[in-house]
Structure formats: structure tokens, C-alpha cells
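Peer 1: attaching a predicted model along with its sequence, questions to come.
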Amino acid sequence: MNNFNWDTSFRVDLDLKSGFSKNAVTTKRYLSQMKNMFCDTDAAAKILEDSDPLIYEFHELGCPERAGDLAFGTTILYPGTIGDEYYMTKGHFHTILDTAEVYYTLGGEGYMVMENPEGDTLEIPLRTGEAIYVPRRYAHRSVNTGDKPLVMFFTFAADAGHDYGTIETKGYHKLIVKKGNKPVVTDNPRWKQGADA
Ligand code: MN
């Protein structure tokens, strides 16, 4: 773990072509850690009999969770499907709901799938060279609909906090599935109403 001085300026080599950085703290998410988040749990279980594929990883710089700072880093989401559902990140709300986030797509293609607590949803394509604004109050999950890694730079308010539990419990309203080799937005048949579901 590197300790950057967040009270003075610093430079960091993010090696933006691949999204990797030797200066970052890496978190890896394997299928076994999110097997119940994919709609087709049977397909996930079958894959896990033989292997535990890496779904995505993200690289952070250890920004202190202080108001006023901006955390940033990169995410690499690998290509693949579980059943007909594309590889995706877990997705989360920010604990401080009124905090936004910016993603910039460095490589690959996909979707940013968003929803607010009222159930309004947004499914916005991610394309290399484009930035996307994730508005305040929207949970966000990225989905890789291409055949190459989806590599993104992100930055958000450092004190925003992460609430993964709500999505893990209830799921998303919408899924991005592969139909005839094309991504299609569908309703999630497993979406659960109510926090206790
Ligand atoms: Mn976020």
C-alpha cells in the first residue's frame, strides 16, 4: 500500500492503456464472491464446479475518506457471460446518497446500469473515449457487453461511502442480457420488493 500525500499534489502513473498501476491497491472480485448476484444461479454453480473466473478488479490509491477529497482509480471488467447475462460489477449506492461519480471509458464497451431508491432506472452505453456522469442518488453497476476488457477511470467524493448490501439483497430492476449476440435490457425476474426480501 502506497501512501500518497493527499494534502499536497502528487502524480501517479495509472498506465491508462491497461488500467493497471503498480501504485494502486487492487481488489479482485471472483465469481464465487458474487454467484448469487447473477440471475442464472444454476449457470454460475456449474461454472464454479470447474473454475472460479475473475469477473473484475479495481485499483484505488488509498484516498482518505474526507469531505473535499476526490478518490479516483480504475476498474477492469472482464468479458464473459453467466447464462445469458454479461459479466458485471456488484454495483452499489453511495452511503451519502447525494454524491455523484464520473467514469471515463478507456477501453472496451458496455453499459452503466443505474437506479435510484424510487426505482427509476437508467441504462447508458459505455464507449471508449466517452465519459459518463452518474448522478447523485443512483446506484451504479457497469456491464461488459464486448469481447475485450472494459477499462474505466472513475472519480467520486472521497467520503461518499459504499453501500453494497442493498443491491446484494434486492438486486437491480434491470438486467443486460445477450440475445442473438446483442445486448438487450430486460426486467430482472428476481428483483425483490422490500428491504427484507
Ligand atoms: Mn460509486
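Peer 2: Received the coordinates, thanks. Numbers count the residues shown, from 1 in each chain.
Peer 1: what packs against the longest helix seen in the chain?
Peer 2: Longest helix in the chain, counting residues (DSSP state H): helix 41-50. Judged by 3 or more C-beta pairs under 8 Å, 6 or more residues apart in numbering; DSSP states H and E, the packing partners of helix 41-50 are strand 81-82. Yep, even glycine has a C-beta here, placed from its N, CA and C like the rest.
Peer 1: circling back: the helix or strand sitting right after the longest helix of the chain along the chain: partners in the sheet, and parallel or antiparallel?
Peer 2: Using DSSP states H and E, the helix or strand that follows helix 41-50 in sequence is strand 54-60. Partners of strand 54-60 in the sheet, by DSSP bridges, are strand 25-30 (antiparallel), strand 70-77 (antiparallel).
Peer 1: return the distance of the first one from the chain's centre.
Peer 2: The offset between the C-alpha centroid of strand 25-30 and the centroid of the whole chain comes to 12 Å, using C-alpha atoms, centre = their mean, to the nearest Å.
Peer 1: ok, residues contacting it?
Peer 2: Contacts of strand 25-30 from elsewhere in the structure, counted by C-beta atoms under 8 Å, 6 or more residues apart in numbering, are 1-2, 52-62, 89-90.
Peer 1: quick one, which of these has the minimum pLDDT?
Peer 2: Within the contacts of strand 25-30, the minimum per-residue pLDDT falls on residue 1 (48).
Peer 1: got the buried residues for the helix or strand of the chain with the lowest mean pLDDT?
Peer 2: Of all helical and strand segments in the chain, the minimum by mean pLDDT, DSSP states H and E falls on helix 165-170, at a mean of 91. Across helix 165-170, burial judged by 16 or more other C-beta atoms under 10 Å covers 167, 170.
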